[in-house]
Structure formats: C-alpha cells, structure tokens
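Peer 1: Next come a sequence and a model predicted from it.
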Amino acid sequence: MDQKEYILMSTRRPKIDDVAKLAQVSKSTVSRVLNNRGYLSQNTIEKVYQAIEELNYRPNTIARQLYSNKTNIIGLIFPTVNNPFYAEMVEALEKKLFNRGFKVILGNSMNDPHKEETYLLQLLSHQVDGLIVGAHNQDLKEYQKKNLPPIVAIDMNLNPEIPVVSSDNYQGGKIATQLLLKSGAKEIIHINGPASVKSPAQKRRQAYEDVLKENNLIPHTYTVSLKDSKSKKIQIFREIFREHPLVDGIFASSDINAALIIQIAKQLGIKVPDDLKVIGYDGANITRLLMPDLTSIIQPVETMSQKAVDILQKMINDEPYPRNIILPVELWKGTTA
C-alpha cells in the first residue's frame, strides 16, 4: 500500500476490502476469520488480525448479525430498579450474560402496561436473541403471540410456553407465618400484590391462609401494587392499624413494605417487636446491609439468575430446557420477629 493510498484510507472508516488487501487474502477469508468459520491456517488468522489492528478496523455489527442470524443482545424487562430485589436481580443477570458474550438492554417498566408494551415492541424490533422478564403485566397480547424469541420469566406466569424461575414462595410464606405464631402473634395480617396478578408469589398468600386456618385463626390480606405511590401505601397501612387495633403480627410480601410498616408503627407509638412482630420478603443484600434487624425471607437471587440464564441459553441453542424451576428460600433472623 503506497503512502497516498494510506492517507486517503485514513480519512474514512476502513472496510473489509481494506483488511483483505492489506492482509493479501480474499474478503471471504477475512469474513471467515471474523466469524470463526471453516479451517484456516494460523498464519492466515494472524495476518488478518494484524491488518485489523493496523487499520483499526471495526466489523459492521449489523452485517455480522445478518450473517450469523444472532445479535448477542438480551432484553431485560423488570418493574423497577428502585427496588433492592429487582436491582440485585438485574445486576446478577447482566454479569452472567456478559460472561457468556451477551450485551444487555434494560427496560424499566415501572409496572406500567403501556411502558412495558413499548419496551417489549422495541426490543423485539431490534431482534434480540432472547428476553428475561420480571415485570407484572402478563396480560399483554405480545406475550401470547407465536414465534417469539426465547423468553424466561422470573416469578411470573406469562403464558404456558414460557419457563418460569421462582423461589419456593409457598415455603417462604409458611416459614414467615409459622414464625409469627411461634413468636406469640395471634392477629396476623398479610400484605400481598393484587390477586389478579398471575405470579408464583401468590403462593405466599396461600401459605399464610393455610397456616392460620390450621391454627383456627382468621386470615386478613391487604393488597398493594408495585405501582402504588408511597402515600397510597401509607394510607393502606394506616388502615390496618385502624381496622385491626389488636394486630400483633404482619407478614409483608416485600422488605420495602415491611420497612414502611415499621416506620408507621413507630409514629403510632407501637413498639417493634414488643407490640408488633414484622417479617418481610426478598432479603436483598443491600436491605440486609442497611436493615440487618429486619426479619425476612431471602430469595436466592444468585441461583435464580443463574438458572434463568442457563435456561435462556438452552432455548437459544434449541436444547431441551426445564419449564418450571423452584428454588429454596432461607430465613434471615433479624429482631423484628
């Protein structure tokens, strides 16, 4: 390559033709090196990579995607990263996907069906290789369509064909309720999401009701949604204390709600755990760091994320995969119950 030709080429973005010319091989050989296809001598591979480095060549990502029919991009759709559990889950998923050569696009749906639908359509239009979904709008028609990319759901039933990874919600609800009873609580309230949400988390409510009925006690469940504002939650939680002045135990279906209940109890002069026992759910690392006293049911985020990525990889590779994974929970024994 003469000096004039090099100067002209340096003013524009190098192309695969330039790499082939400098390496003294064909364009198809450069393409085979980039896509690791077919037999190539080590000498040829080294010449191509030397030319790539010398020209600072960057492969056309779109062209490579068309060639391989893969984007190496995974979409994540979760309700909010403002929740410690979801934030920890997204971080764990991103790390595991990155280690397998995938890039991640995150859709933070804020539990808004329209926003989730928008993210879903955008991700599908970008032809992602797969999706991992933890959002709660399972009635979106897009999830019911055929020929979807591989999708794995976290703690959510989207459609019968989409595999689900969840913690053992029933066992978690059972452990929490039995601990409140063992701690001496008699009037125990449960806080959970709307019953219309088809999530394995509803089994926490079922376990709570089963345990109370076995002990001849009446269950009372109050409903809050992820999209409820803090002021609305405060209003609902204050109603608990007004409508159940003898309440002495609360099993909240999230640590955030448990923390808010403890704040309200303190404002009302109710001592935790002397007058009121409180148990949360999720047990994210940051929650246990900032609120080590909060008794909670720990969901195994690391294992859940690992299983979700494993299943998604199998789906992408057209390998057999499990449809339903349920993982054991643990009790974080704080001092609030």
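Peer 2: In hand now; what should we look at? Numbers count the residues shown, from 1 in each chain.
Peer 1: Domain map for this structure?
Peer 2: What automatic domain parsing lists as the domains of the chain is 3-67, 70-166+302-326, 169-299.
Peer 1: Which one, of these, ends up nearest to residue 337?
Peer 2: Residue 337 lies closest to domain 169-299 among those, at 4.0 Å (Cβ to Cβ). For every residue, glycine as well, the C-beta is placed using N, CA and C.
Peer 1: ok so, going back, mind checking which of the domains of the chain is nearest residue 335?
Peer 2: domain 169-299 (4.6 Å).
Peer 1: From the chain's centroid, how far away is the closest one?
Peer 2: Remark: domain 169-299 is offset 23 Å from the chain centroid, using Cα atoms, centre = their mean, to the nearest Å.
Peer 1: change the start of the numbering to 28 and stick with it
Peer 2: Fine by me, first position is 28 from now on; the one you just mentioned is domain 196-326.
Peer 1: what about it, how long is it end to end?
Peer 2: Terminal residues of domain 196-326 are spaced 9 Å apart (Cα to Cα, to the nearest Å).
Peer 1: Does anything pack onto the strand or helix carrying residue 259? Which helices or strands?
Peer 2: Element membership of residue 259 [criterion: DSSP states H and E] is helix 257-270. For helix 257-270, the contact count by 3 or more Cβ pairs under 8 Å, 6 or more residues apart in numbering; DSSP states H and E identifies strand 247-250, helix 282-294 as packing neighbours.
Peer 1: circling back to that earlier point, ok, which of the domains of the chain comes nearest residue 360?
Peer 2: Per Cβ to Cβ, nearest to residue 360 of the domains of the chain: domain 196-326, 6.1 Å.
Peer 1: What mean pLDDT does that closest one get?
Peer 2: Domain 196-326 shows a mean pLDDT of 95.
Peer 1: Okay, and residue 305 sits in which element?
Peer 2: With DSSP H and E as criterion, residue 305 is part of strand 304-309.
Peer 1: out of the helices and strands packed on helix 257-270, deepest packed?
Peer 2: Among these, helix 282-294 has the highest mean neighbour count (mean count of other Cβ atoms under 10 Å), at a mean of 20.
Peer 1: could you check the angle helix 257-270 makes with that helix?
Peer 2: Orientation check (axes from the mean of the first three to the mean of the last three Cα atoms, to 10 degrees): helix 282-294 against helix 257-270 gives 60 degrees.
Peer 1: For residue 230, give its distance to residue 184.
Peer 2: Here residue 230 is placed at a distance of 11 Å from residue 184 (Cβ to Cβ, to the nearest Å).
Peer 1: same thing with residue 70?
Peer 2: Counting by Cβ to Cβ, the gap from residue 70 to residue 184 is 55 Å.
Peer 1: So those two - more neighbours on which side?
Peer 2: Higher neighbour count among residue 70 and residue 184: residue 184, with 16 against 8, using other Cβ atoms under 10 Å.
Peer 1: what ranges do the strands span in the stretch 178-327 of the chain?
Peer 2: Remark: strands assigned in the stretch 178-327 of the chain by DSSP state E, counting those that start in this stretch are 178-181, 191-194, 215-219, 247-250, 276-279, 304-309, 322-325.
Peer 1: Neighbouring strands of the fourth one in the sheet, and parallel or not?
Peer 2: Strand 247-250 has these partner strands in its sheet, going by DSSP bridges: strand 215-219 (parallel).
Peer 1: and the angle for the partner strand with strand 304-309?
Peer 2: Using the same axes, to 10 degrees: strand 215-219 against strand 304-309 is 20 degrees.
Peer 1: Contacts made by strand 215-219 with the rest, please.
Peer 2: With Cβ atoms under 8 Å, 6 or more residues apart in numbering as the test, strand 215-219 has contacts from 204, 207-208, 228-229, 231-232, 235-236, 239, 244, 246-251, 264, 267, 271, 274-280, 284, 288.
Peer 1: Buried among the residues you listed? Make that a PyMOL selection.
Peer 2: For the buried members of these, the matching PyMOL selection, counting by 16 or more other Cβ atoms under 10 Å, is:
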select buried, resi 204+207+208+228+229+231+232+235+236+239+244+246+247+249+250+251+264+267+274+275+276+277+278+279+280+284+288
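Peer 1: rewinding a little: let's have the helices and strands packed on helix 257-270 in CSV, adding distance to residue 129.
Peer 2: Output for the helices and strands packed on helix 257-270, formatted as CSV (distance: least, Cβ to Cβ, whole Å):
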stretch, distance to residue 129
strand 247-250, 37
helix 282-294, 29
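Peer 1: which one of those lies closest to residue 48?
Peer 2: Among the helices and strands packed on helix 257-270, helix 282-294 comes nearest to residue 48, with 60.1 Å by Cβ to Cβ.
Peer 1: Sweet, I'm off.
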